[in-house]
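K.L.:
any chance you could fold what I've pasted below:
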Amino acid sequence: MKKVLTLAALLAALSFAACGGNTKTGAQTAAKADTPSEADFAAMQQLYDDAEDDHGWMPLCKWQYVDLDGDGINEVWMRDRAEEYGAMFSLAGGQVSLIGIETDRFRAYTLEPKDGKGYFCKGGPAGGPSYYTEVITVKDSRVVERFNQLQVYDDIDGAGLNGEEISADKARAYMKALPEVKELEPGEWNLLDLTDYTRVPVHENSAKDDKLIMDFITEMYNNSLYTEEEFLKEHCTPRMLQQLLDDYEYDGEGYAFWDFRSESNDGFSDENAVIKIEKIDGRYYYEANDAGYIFRNILSAFVENGKVMFDGITVDATYEVFDPFANDAEEY
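P.N.:
Residues are numbered from 1 along each chain as shown. Below you'll find the predicted structure:
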């Protein structure tokens, strides 16, 4: 089942690690500057979540600086882990504001800066023979103009400028006067660690207990024992049972046993599905196959009277889930 990261968890979990990419960017790359604050990132995520535009359910966790209008003030380009959805933000004057959103259908691009103005654009098929275009003009790192149009084949079927409807002739003239398209290519992405470590407290376990716990996690996942209510009641602390109750998203009361799986499937585990388990900083990270999806979750656990007890579980947000149905998926 899919779970949405709360704003409180976002504030609690922010830390940074670089992830690879090429070094070019379609917009001029701004000079190296300080990282946005935790409050800035939280505000950006909140603006994104509250926007009326179509956006994904996954949190924005990749970011990089660009300078759309060449004024030396950084804009912040963010995307989700899969790079299907994203948004551009301004931090001008210490104020966080949303410039525009990109989606899996309406992809982002920019235009050559002109007369001190920069452009954040998106476009894509809007169903059938129609095509949607949006152009957001930025000057001094602030939005000064918004244009959009819908084309059906070569005919303009509607257009607007700053919220007011304009004629097809004015829309064509507006588009003709714009600078050349300049592809917005990812530079070096920075990765936010949005893992909610508060869900998985650390316990001091011996090497002997570590082995017992890791063997038990393997047995639990490979045999889908986490789907059995009696198993959960026997091997979960009251704290973890409450987590599973809180994560249950349906009417009535139940345990969200899918927390043990990836966020992509709701079936059952296969034998030998656990690929790897390791202990990191007192927590147990298990990497497993979920009907083709490769994911990693984190468990809090300890041994009590010879019995393994789970005390919390969370998704490892730093792990890039392998999606077997992605266009660029390769054999794992």
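
K.L.:
quick one, strands of the stretch 1-150 of the chain?
P.N.:
Remark: strands assigned in the stretch 1-150 of the chain by DSSP state E, counting those that start in this stretch are 16-18, 60-66, 75-80, 86-90, 97-102, 107-111, 117-127, 130-139, 142-152.

K.L.:
indicate which one of these is closest to residue 302.
P.N.:
With Cβ to Cβ as the criterion, residue 302 lies closest to strand 16-18 of the strands of the stretch 1-150 of the chain, at 28.3 Å. C-beta here means a position set from N, CA and C on the backbone, and glycine is covered the same way.

K.L.:
could you give the mean pLDDT of the closest one?
P.N.:
In this model, strand 16-18 has a mean pLDDT of 34.

K.L.:
over to stretch 190-209?
P.N.:
Across stretch 190-209, pLDDT averages out at 94.

K.L.:
buried residues, that stretch. List them.
P.N.:
190-192, 194-197, 199-200, 203, 205, 209 (16 or more other Cβ atoms under 10 Å).

K.L.:
what of stretch 298-315?
P.N.:
Buried residues in stretch 298-315 (16+ other Cβ under 10 Å): 298-303, 308-315.

K.L.:
could you do stretch 149-162 as well?
P.N.:
149-151, 156, 159, 161.

K.L.:
roughly how far is that stretch from the heart of the chain?
P.N.:
31 Å (Cα atoms, centre = their mean, to the nearest Å).

K.L.:
got it, and stretch 146-159?
P.N.:
That offset, for stretch 146-159, works out to 30 Å (Cα atoms, centre = their mean).

K.L.:
now do the end-to-end distance for it.
P.N.:
11 Å (Cα to Cα, to the nearest Å).

K.L.:
and stretch 108-119, by the same measure?
P.N.:
End-to-end for stretch 108-119, by Cα to Cα: 10 Å.

K.L.:
I would like the residues contacting that stretch, please.
P.N.:
Residues external to stretch 108-119 that are found in contact with it (Cβ atoms under 8 Å, 6 or more residues apart in numbering): 26-28, 67-71, 86, 88, 100, 102, 120-123, 135-140, 144, 178-184.

K.L.:
of the residues you listed, grab the buried ones for ChimeraX.
P.N.:
Filtering the contacts of stretch 108-119 down to the buried ones (16+ other Cβ under 10 Å) takes a single ChimeraX command:
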select :26,27,28,67,68,69,71,86,88,100,102,120,121,122,123,135,136,137,138,139,178,182,184
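
K.L.:
quick one: low-confidence ranges for the stretch 151-300 of the chain?
P.N.:
265-270 (pLDDT under 70).

K.L.:
how about a cut-off of 50?
P.N.:
Low-confidence regions of the stretch 151-300 of the chain, defined here as pLDDT under 50, do not occur.

K.L.:
which residues of it fall in strands?
P.N.:
So, for the stretch 151-300 of the chain - with DSSP E, counting those that start in this stretch - the strands run 155-161, 164-165, 181-182, 190-192, 274-280, 283-290, 293-304.

K.L.:
I'd like those strands laid out as a markdown table, including distance to residue 63.
P.N.:
Below are the strands of the stretch 151-300 of the chain laid out as a markdown table (distance: least, Cβ to Cβ, whole Å):
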| stretch | distance to residue 63 |
| --- | --- |
| strand 155-161 | 30 |
| strand 164-165 | 33 |
| strand 181-182 | 20 |
| strand 190-192 | 5 |
| strand 274-280 | 24 |
| strand 283-290 | 24 |
| strand 293-304 | 22 |
